[in-house]
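Participant: Structure, please.
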Amino acid sequence: MKKLQNSLYITKDGVYLHKQRETLLIEQKVDGVKQKLMQIPIHSIGNIFCFGNIMVSPQLLGFCGENGTHLAFFDMRGRFLATVVGKQTGNVLLRRQQFNVSDTDATVIAKNIVAAKIYSSRMQLLRFRRNHGTTEKIEHAITRLKQIIEQLKGVSSYQIILGLEGEAASHYFSAFVDMFKHNENGQLFHKRTRRPPKDPVNAVISLLYSVLGQEISGALQGVGLDPQIGFLHKERPGRNSLALDILEEFRAYIVDSIALKLFNNKSLTTKDFDKDCLGGVVLKDDARKLVFQAYQSKKQEEINHPYLNETVQIGLIPHIQAMLLARHLRGDLAHYPPFIIKK
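Facilitator: Presented below is the predicted three-dimensional model:
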């Protein structure tokens with residue numbers, strides 16, 4: 001089984017990252033003098049995420065490309081900007097089959113992914129009801145999401161699948177509002193908004209969706225798949241459609257659960273956010289670090305993978321799903337088994 005490597009989140013403006021022998025050196029100039037902030041073994045790092053004005057040496061860029069270390073750049077709101085891509089790995093025949101299925105027979109995979117997304121969203125609501133009680137919106141969403149899952153079984157139209165997914169998301173986020181204990185007057189969360197996020201909860205989940213999406217993209221590249229050729233999300237220039245497909249399976253289980261925990265135990269409050277010039281909400285530096293700490297902690301939790309029946313760290317699940325998808329496209333599995341956790 002693949003080992004879960006460390007992810008490094010660089011959020012301090014003006015720092016400089018470079019490779020020194022077998023270590024990653026992080027420095028910053030203070031009053032014209034370089035100061036070493038951190039020095040760590042470079043081979044222990046699987047992902048480097050840079051937020052804001054971060055400088056990276058050409059030598060480190062080359063190392064990341066050659067060794068499959070995922071290096072991605074974001075603005076301070078978490079909007080993805082660019083990534084370093086090394087040489088393409090895997091068998092060209094696998095990618096050719098991926099393109100062929102995307103063009104001719106994507107509906108079954110798309111339907112499985114949507115069903116897994118809706119199931120995971122419903123489980124999130126059921127866990128909350130079990131631990132904290134319920135509301136009319138939560139009960140309605142639980143009932144309707146179950147009905148939509150049943151409807152999906154008999155659907156073969158791509159457009160109907162998209163319609164059911166959209167309806168399920170609307171019901172889920174309507175109930176999601178009621179899951180925040182300290183959401184007086186909708187100050188934490190009112191509805192799903194993006195580009196830019198309009199409230200603290202949207203700021204957190206948009207940031208983590210973006211980071212997780214980049215990790216999934218790296219996992220797909222690692223097994224030889226093209227992250228831009230999707231089955232649920234169709235191709236669009238510059239969009240990693242397949243990574244967005246796989247992300248659907250993890251939104252509620254990983255990202256939404258982190259947001260609920262951070263806000264409901266008051267680790268994050270409205271005081272941890274600022275408004276930007278576009279009317280969006282952004283995390284303050286200390287709050288962003290807290291979010292990434294919670295995310296790393298979540299990735300290190302162990303669960304029993306429902307398909308492999310093996311104990312794995314949550315952070316490895318994107319790599320496992322990428323492997324299972326590649327096996328399906330090669331013909332080793334009759335169907336792609338999306339990630340569904342039944343508790």
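Participant: So what's the residue count around Gln151?
Facilitator: 14 (other C-beta atoms under 10 Å). All C-beta atoms are positioned from the backbone trio N, CA, C, and that covers glycine.
Participant: and Leu145, what helix or strand is that in?
Facilitator: Leu145 is part of helix 136-152, with elements assigned from DSSP states H and E.
Participant: again, but for Arg327
Facilitator: Going by DSSP H and E, Arg327 is part of helix 317-330.
Participant: on that earlier part again, just how off-centre is the helix holding Leu145 within its chain?
Facilitator: Its chain's C-alpha centre and that of helix 136-152 lie 24 Å apart, by C-alpha atoms, centre = their mean, to the nearest Å.
Participant: same for it, what does it pack against?
Facilitator: helix 107-132, helix 158-176 (3 or more C-beta pairs under 8 Å, 6 or more residues apart in numbering; DSSP states H and E).
Participant: Let's have these in a markdown table, adding mean neighbour count and mean pLDDT.
Facilitator: A markdown table is the format used below for the helices and strands packed on helix 136-152 (neighbours: other C-beta atoms under 10 Å; pLDDT from 0 to 100):
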| stretch | mean neighbour count | mean pLDDT |
| --- | --- | --- |
| helix 107-132 | 20 | 94 |
| helix 158-176 | 18 | 94 |
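Participant: Turn those into JSON lines, including distance to Leu37.
Facilitator: Formatted as JSON lines, the helices and strands packed on helix 136-152 follow (distance: least, C-beta to C-beta, whole Å):
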{"stretch": "helix 107-132", "distance to Leu37": "37"}
{"stretch": "helix 158-176", "distance to Leu37": "38"}
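Participant: quick one: which of those is nearest Ala294?
Facilitator: Ala294 lies closest to helix 107-132 among the helices and strands packed on helix 136-152, at 16.3 Å (C-beta to C-beta).
Participant: now the closest one against helix 317-330, angle please.
Facilitator: On the basis of axes from the mean of the first three to the mean of the last three C-alpha atoms, to 10 degrees, helix 107-132 is oriented at 150 degrees to helix 317-330.
Participant: Test my guess that Met123 contacts Tyr253.
Facilitator: Yes - counting by C-beta atoms under 8 Å, Met123 touches Tyr253, with 7.5 Å between them.
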